[in-house]
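J.: Everything below, folded, please.
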Amino acid sequence: MQENEKIKAIEIMASQDDVKQAVINSHDNNPWWPKDVSDWRMKMLVAGLSTRVSFRMLGSYTKTIGNFLSHSYEEIAQTSDDDLKTMLKPLGLPDARIRFVRSMSAYIDANLKNKDIQNISNLDLIADIAKNVDGASYKVGQCCVLYAKGYYCGIMPVDSGMKDMLAPCMGYQSGKTPFAHEVVREQLEELAQSHDWLQIAQKCGYDSKIKLPEDKPLTWWLHLVMINYKRHFCNNHKPNDCPLVKAGLSLTKRCSRE
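T.: Prediction:
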């Protein structure tokens, strides 16, 4: 897919009604990573806990995370494993989630205490988390750093569907290893910086509904457009229903199960 087609593809994705509504609903205050959390350490814990939770579990997730966030970082550290397991059980995989919370807390206390994480490069912090935190792959590391630093810190987190379906469809290099999430992230962040996405967002009417920065690449908006397009279209594995296919774009790979 040529650069002009990639720009057209994003505009098509962003103009879909279901995608647009999903982006509007989660842009200014994301239900997975609520903005009214002041402690970046808790944000890192929550971002890791948000993985492997399906969209249909969002109601249960927000309730569970609301309970989790009613405690301070220090209180979570003092909570017994049994009580933490009870707290996190609605998310599934409670033992794995407890290991993540304990490991991430230990990593934060040992490596990031009294540091301004805004001064640590995204690339270094993601790689360090993926290497040193139990249960934190590159994908999880991306989410943790984005939430801790802020929605528009420049990171475009990449989930497995974006890596395996949408990115290859658009002609981006991908792969089957965990590091492929980083490979795709870097390519998409280049895309975010290569074009005036604010103009397209305004053309599609987003600026009347959400707060779009005028001085930064629209990485967060672009991430939400792509991940929600993937959810509403790519996950169905019906390429004939895909607006990108209908538009006649030169897709590199289609999402059919065949």
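
J.: low-scoring stretches of this structure, by residue?
T.: The chain contains residues with pLDDT under 70 at 256-258.

J.: To which secondary structure element type does the residue minimising distance to the centre of it belong?
T.: Nearest residue to the geometric centre of the chain (C-alpha atoms, centre = their mean): residue 157, 4.1 Å. Here residue 157 is coil, with the state taken from DSSP: H, G, I helix; E, B strand; the rest coil.

J.: where's it relative to residue 251, distance?
T.: Using C-beta to C-beta, to the nearest Å, residue 157 is found at 23 Å from residue 251. Using the backbone N, CA and C atoms, a C-beta is placed for each residue, glycine as well.

J.: Next: residue 242.
T.: Relative to residue 251, and taking C-beta to C-beta, residue 242 is found at 8 Å.

J.: Run a quick neighbour tally on the residue nearest to residue 178 when sequence neighbours are not counted.
T.: Excluding the flanking residues, the one nearest residue 178 by C-beta to C-beta, 6 or more residues apart in numbering is residue 137, at 4.9 Å. Neighbour count for residue 137, taken as other C-beta atoms under 10 Å: 19.

J.: Give the burial count for residue 94, as a bare number.
T.: Per other C-beta under 10 Å, the neighbour tally for residue 94 reads 16.

J.: doesn't residue 85 make contact with it?
T.: Yes. The pair residue 94 and residue 85 passes the contact test of C-beta atoms under 8 Å, sitting 4.6 Å apart.

J.: would you list every one of the strands in this structure?
T.: Counting by DSSP state E, no segments of the chain form strands.

J.: Does residue 193 touch residue 217 like I think?
T.: Yes. Residue 193 is within contact range of residue 217, at 4.8 Å (criterion: C-beta under 8 Å).

J.: Show me which of these two is the more surrounded one.
T.: residue 217 (21 against 13).

J.: Which residues are in contact with residue 180?
T.: 163, 174 (C-beta atoms under 8 Å, 6 or more residues apart in numbering).

J.: same question, residue 244
T.: Applying C-beta under 8 Å, 6+ apart, we find residue 244 in contact with 9, 12, 13, 169, 251.

J.: List only buried entries from these.
T.: 9, 12, 13, 169, 251 (16 or more other C-beta atoms under 10 Å).

J.: quick one on the thing from earlier: just the ones in helices from the contacts of residue 244, please.
T.: Among the contacts of residue 244, the ones falling in helices (DSSP state H) are 9, 12, 13, 169.
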